[in-house]
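Undergrad: this is a predicted model, with the sequence first.
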Amino acid sequence: MLFLPVILPLAAIVLLLFTYRMKRLQQWISIISMSAITVQAVMIMNRVVLDGPFAAQAGGWPAPFGITFTADLLSAILLLATGVLSLIVTVYSIGFMDDTRKTAGFWILIHGLVTGVNGSFLTGDIFNLYVWFEVMLISSFVLVTLGAERKQLHGAIKYVVLNLIGSVIFLTAIGLMYGQTGTLNMADLALRLRESEHTGLINSSLMLFFIAFGIKAAVFPFYFWLPASYPTPPVAITAFFAGTLTKVGVYVILRFYNLFVVTDLATWQIIVMIVAGVTMVSGVLMAASSYDIRKILSFHIISQIGYMIMGVGIATVLGLAGAIYFIVHNMLSKTATFLAAGLIYKYLGSYDLKALGWIYKDYPLLAFLFLLPALSLAGIPPTPGFFGKFFLIYGGFQAGAWTITIVAILVSIITLFSMVKIWNEAIWKKIPDESAARQKNPLPLTSLWATIVMAGLIIALGLLTGYLSGYFLEAGRQLMDVDLYIRTVLH
Amino acid sequence: MLTLLAVIIGFLYASSIYMFLRRSIVKLVLGIVFLSHATNLLLFVTGGLRSGEPAFTAEDGTVDLAAVSDPLPQALILTAIVIGLGITAFSLVLVYRFHQETGTVDLDEMAEQDKP
């Protein structure tokens, strides 16, 4: 059952290859398979909540030798969020994507991406993780270049090269780690690292891991590929990337940090905190100085990644729970802002703030659909963004991490500023050149409804936080409890 | 043998970084190729370098661990080589399309072209 989140999208890819260029049929297959993946994620979630974490061994090979798939509450939560998100983005894309891209393999590629993401969330083997990363990366490479517009190619080169360097560093780290410990299974590795004496060598491998995942997660100083490439493809693709790709990097940092960092904890904590702080500040400052909606939102991804990494650094149950909550909130809110930006583009034909205006007067619903996730990103109650930041800041003060917490509060003020900037320029301002009488296009219905559902989910997550927070705290506890993880896999 | 391999790996890493720092994106792709080769060799070394014995168990079920090298890294390299092949093919096509679209293989020159 644990392998189904990977097998289902793979099976869908086969079906989609057989129905290549049959536009309608491919759309239906995609919707059905994404729904099936979501249902599967709900089942895994259900089992984890009822029985606790569980593992499955590929081919029946016992734990340290075969490839293990493990699901604890963290994996289950992220799996569910990814399932819901992919379903919504799929529905959105039906109305949004142009026919050329749809028939050029768009549906196949997003299934490839989902395969890689789900595999990374579940696997318990570091080399297998590398393979899922590559599955994910290859799909995203093609998605970034799909359509092969000039600016897309330009952004793609930076994206491809920096991510490839990240992958190779990851592989190097795997090689060095295996050379020292003789195992690839994450639970077994955690067990052996605790007994190991070569702390210097282990720290060097861990640093390589941190750099590799830092490149994927887009933290300072490795994020330069993100603003170069994310704004270039059609916004449905960017929305999907924003919701899944960088979050996988953060998930792996969360997992590895808790399992493998056994020595020099204080030094690691300082490194992680500095990285988190600088990521937050530099991301939000660049966002505040941009004038293209997609660029602003892309820089915000970086800034928000900083918050999640801050949760890793706080390293208490509350901090980790905050980070996990923040990941989920960000997957929803960030994707929703991109989806709304796509609708604005469809409606008025531009992403440039200087050319936009008066959406509030002409289309209040659209204005609301943008406002809600934007406020959520800035952290206004009762949106989930507020509760995410509340957990993190409360956890930060409790753990005595004053500096980073104060930085986090200041950054969220600048976040509000840049969101208000989009609101003022795109939604409230008069259209600058009214004599040109901008043509207003009708919005594709599937895209509009997908965005409305997304907004509904954000409201639901915010209002149900009190009820759901127990699950997030439990996820944080399970993440910290390395013994539990080892027991789940090895026995 | 180990020293020789260490020098070769270091040289490959160094040349790949040199290639990354050039302006031409064709050389960038060459850099990626070198980098993945360097890493594959590094993985190979982690399995231990012992010549002459295949990594099989004898008929009586025993295996002389001192005589054979660890076969797992070699299996990992196989996977990594296949992935590297796919990625190199993709990057070559990307560079080719880039050249078709812009008529240059130099990123700075392209930025110049885009200036209004």
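TA: Yes, it's here.
Undergrad: rest of the way, CA atoms for contacts and neighbours
TA: Noted.
Undergrad: what parts of chain B come near chain A?
TA: Contact residues, chain B versus chain A (CA under 8 Å from any CA of the partner chain): B:28, B:32, B:35-36, B:39, B:42-43, B:46-47, B:73, B:76, B:83, B:87, B:91, B:94, B:97-98, B:101-102, B:107.
Undergrad: centroid residue for chain B?
TA: B:Ser36 (1.6 Å; CA atoms, centre = their mean).
Undergrad: right, I mislabeled it, should have said chain A
TA: A:Lys247 (2.8 Å).
Undergrad: state which helix of chain B is the longest.
TA: For chain B, the longest helix by residue count, based on DSSP state H, is helix B:72-102.
Undergrad: check which helices and strands it sits against.
TA: With contacts defined as 3 or more CA pairs under 8 Å, 6 or more residues apart in numbering or on different chains; DSSP states H and E, helix B:72-102 has these neighbours: helix A:126-145, helix A:150-181, helix B:25-46.
Undergrad: now do the contacts for the residue in the stretch 1-150 of chain A that chain B sits nearest to.
TA: Proximity of the stretch 1-150 of chain A to chain B (CA to the nearest CA) peaks at A:Arg150, 6.4 Å away. Contacts of A:Arg150 were listed using CA atoms under 8 Å, 6 or more residues apart in numbering or on different chains, and they are B:98, B:101-102.
Undergrad: run a quick neighbour tally on A:Thr100.
TA: Residues lying near A:Thr100 (other CA atoms under 10 Å in any protein chain shown) number 12.
Undergrad: would it count as being in a strand?
TA: No - A:Thr100: not assigned to a strand; according to DSSP: H, G, I helix; E, B strand; the rest coil it is helix.
Undergrad: quick one: contacts for A:Ile431?
TA: Counting by CA under 8 Å, 6+ apart, A:Ile431 touches A:355-358.
Undergrad: how about it, nearest residue that isn't a chain neighbour?
TA: Of all residues not flanking A:Ile431 in the chain, A:Gly357 sits nearest, at 4.3 Å (CA to CA, 6 or more residues apart in numbering or on different chains).
Undergrad: about what we covered before: save the contacts of A:Ile431 as a markdown table, and put in neighbour count, pLDDT and distance to A:Gln398 too.
TA: Formatted as a markdown table, those follow (neighbours: other CA atoms under 10 Å in any protein chain shown; pLDDT from 0 to 100; distance: CA to CA, whole Å):
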| residue | neighbour count | pLDDT | distance to A:Gln398 |
| --- | --- | --- | --- |
| A:Ala355 | 17 | 74 | 46 |
| A:Leu356 | 24 | 75 | 44 |
| A:Gly357 | 23 | 73 | 44 |
| A:Trp358 | 19 | 71 | 45 |
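Undergrad: widest-spaced pair of the residues you listed?
TA: Pairwise distances across the contacts of A:Ile431 (CA to CA) peak at 10.5 Å, for the pair A:Ala355 and A:Trp358.
Undergrad: quick check: neighbours shared by those two?
TA: What both A:Ala355 and A:Trp358 touch, as defined by CA under 8 Å, 6+ apart, is the set A:426, A:431.
Undergrad: filter the residues of chain B next to chain A down to the buried ones, PyMOL style.
TA: Restricted to buried positions by 16 or more other CA atoms under 10 Å in any protein chain shown, the PyMOL selection for the residues of chain B next to chain A reads:
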select buried, chain B and resi 28+32+35+36+39+42+43+46+47+73+76+83+87+91+94+97+98+102+107
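Undergrad: I am finished for the moment; much appreciated.
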